[in-house]
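*Asks:* got a predicted model here, sequence first, then my questions.
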Amino acid sequence: MTRMKYSARLQDTLHKASIVVLVTAPLLGIATAMIFAWQRIFFPRDLVLLLVIHTLACMGITVGYHRMLTHQGFSAPAWLRMIILICGAMAFEGTPTQWAATHIKHHAHSDEEGDPHSPLEGFWHAHIGWLFARTNFPEARTYAPHLLQDPVVLFVSRTTPFWMALSLFVPFVLGGWTGFVWAGLVRVFCTTHITWSVNSVCHTFGSREFETTDASRNHWLVGLLAYGEGWHNNHHAFPRNAFHGMRWWQVDCSGLFIRFCEKIGLMTEVQRVTPEAAEAQRVRALRTRGTIEILRMQLQYSAESAQAEIERIFQTSIATVDDRTLHTRMMEYLQRLSEIRRSVSSPMFLKRPRLEGYAAQIQTLLEQARAMARQTGAA
């Protein structure tokens with residue numbers, strides 16, 4: 001038994017090590033290419049352009065798309081909101097409405113069924129695989145209908161292709177083809193790769209300061225690279241908080257920018273978390289997690305009991321009634337109960353409403369099976 005546990009732990013360690021290599025290798029490769037290409041096909045002007053446009057695009061995502069639109073962490077005048085959102089559009093991560101709707105859906109189903117990019121469905125699904133399924137991009141009218149009433153958001157959403165093209169055209173004009181390659185194409189790769197790392201790395205590696213009903217974690221390296229977004233467990237504990245770094249050593253460049261804008265009067269209604277609220281969240285989350293575990297155990301027992309009763313009805317119906325429809329329906333009920341049992345026992349972080357929905361489904365399936373059996377005389 002000890003040997004099996006050691007083997008499983010070793011396999012898990014090797015798996016995580018391989019992920020670390022695969023995530024960091026592209027960035028290390030680019031850094032190496034920069035060193036060897038320096039003053040040949042990569043010049044100081046290209047580096048400045050890359051850093052400036054990358055910073056503008058990243059801050060547009062973190063401050064604009066994420067903290068301002070998705071979570072309404074602060075208010076700002078229309079002109080400033082437009083500038084920030086235009087910068088976000090240059091990141092090649094979609095329109096503001098699409099990005100916000102997808103992220104709102106992520107929070108609604110974080111690390112459970114329905115999450116567009118949970119690593120519990122595979123690390124690479126969370127990092128990039130989820131992008132290839134159109135169903136992972138919900139309609140804004142479903143998850144972010146309020147944004148469809150905002151003229152600034154609608155303008156930037158409709159003109160996003162223009163701002164994307166402009167973010168490639170400007171470095172070409174200012175730096176020629178080398179500027180286009182480094183501050184255009186390479187910059188887009190770095191920006192998106194870092195953003196995807198928040199979805200994948202920060203739900204797989206790192207520490208958990210707060211107990212939440214998902215697998216979110218704080219990761220210092222992603223925190224630095226993603227301008228504060230890597231303090232992801234803090235964010236999932238307090239989604240509306242405009243400051244993801246909640247300790248003095250948790251560097252949050254986006255939070256520093258918001259704090260600066262608040263100080264000079266450009267941003268108002270900035271959302272914060274008090275120490276009392278943080279402690280209350282810890283207590284509430286632990287209580288919620290305990291309740292969910294009890295519900296899981298109760299559901300497993302209910303599903304097993306219902307499955308056993310329906311199997312008995314099914315066996316009786318086969319022996320007494322030659323009704324193909326009845327047999328088909330009973331098989332469908334048994335299959336659905338098996339699906340519920342797999343879901344409840346999976347590592348997915350199922351939330352209370354979904355568990356309560358499963359309980360109602362189990363009861364409905366059992367009642368329908370009993371009713372069919374009575375009607376056909378197979379009871």
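*Replies:* Okay, I see it. Since the model is a prediction, treat every value here as computed from it, not as a measurement.
*Asks:* can you confirm residue 214 is in a strand?
*Replies:* No: inclusion of residue 214 in a strand is not indicated when DSSP: H, G, I helix; E, B strand; the rest coil is applied; the result is coil.
*Asks:* and the spatially closest residue to residue 62 that is not a sequence neighbour, what does it touch?
*Replies:* Once its chain neighbours are removed from consideration, residue 62 has its nearest residue in residue 254; the separation is 4.2 Å (Cβ to Cβ, 6 or more residues apart in numbering). C-beta: built from backbone N, CA, C; applies to glycine. Counting by Cβ atoms under 8 Å, 6 or more residues apart in numbering, residue 254 makes contact with 59, 62, 63, 67, 227, 228, 229, 244.
*Asks:* and those, which of them are in strands?
*Replies:* Restricting those to those inside strands, with DSSP state E as the criterion, leaves an empty set.
*Asks:* which among those residues count as buried?
*Replies:* 59, 62, 63, 67, 227, 228, 229, 244 (16 or more other Cβ atoms under 10 Å).
*Asks:* helix or strand: which one has the residue nearest to residue 62?
*Replies:* Residue 254 is part of helix 253-263 when elements are defined by DSSP states H and E.
*Asks:* could I get the CA-only coordinates of that helix as CSV?
*Replies:* As requested, the backbone C-alpha atoms of helix 253-263 are provided in CSV (Å, rounded to 0.1, in the frame of the first residue of the first chain):
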residue,chain,number,x,y,z
CYS,A,253,0.7,46.3,-10.5
SER,A,254,-2.9,46.6,-11.6
GLY,A,255,-3.9,47.3,-8.1
LEU,A,256,-1.2,50.0,-7.8
PHE,A,257,-2.5,51.7,-11.0
ILE,A,258,-6.1,51.6,-9.6
ARG,A,259,-4.9,53.1,-6.3
PHE,A,260,-3.0,55.9,-8.1
CYS,A,261,-6.1,56.7,-10.2
GLU,A,262,-8.3,56.7,-7.1
LYS,A,263,-5.9,59.1,-5.4
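*Asks:* what average pLDDT does that helix get?
*Replies:* For helix 253-263, mean pLDDT is 98.
*Asks:* and it, how far out from the chain middle?
*Replies:* Once both centres are worked out by Cα atoms, centre = their mean, to the nearest Å, helix 253-263 turns out to sit 24 Å from its chain's centre.
*Asks:* tell me the pLDDT at the residue nearest to residue 122 when sequence neighbours are not counted?
*Replies:* Computed as Cβ to Cβ, 6+ apart, the closest residue to residue 122 that is not its neighbour in sequence is residue 129, at 6.8 Å. Per-residue confidence at residue 129 stands at 90 (pLDDT).
*Asks:* any idea how far residue 340 is from residue 129?
*Replies:* According to Cβ to Cβ, to the nearest Å, residue 129 and residue 340 sit 26 Å apart.
*Asks:* neighbour count: those two, which is higher?
*Replies:* With neighbours defined as other Cβ atoms under 10 Å, residue 129 and residue 340 compare such that residue 340 has more, 23 against 15.
*Asks:* A strand includes that one, no?
*Replies:* No: counting by three-state DSSP, residue 340 falls outside a strand, being helix.
*Asks:* quick one, what contacts it?
*Replies:* Taking Cβ under 8 Å, 6+ apart as the criterion, residue 340 is in contact with 299, 303, 358, 361, 362.
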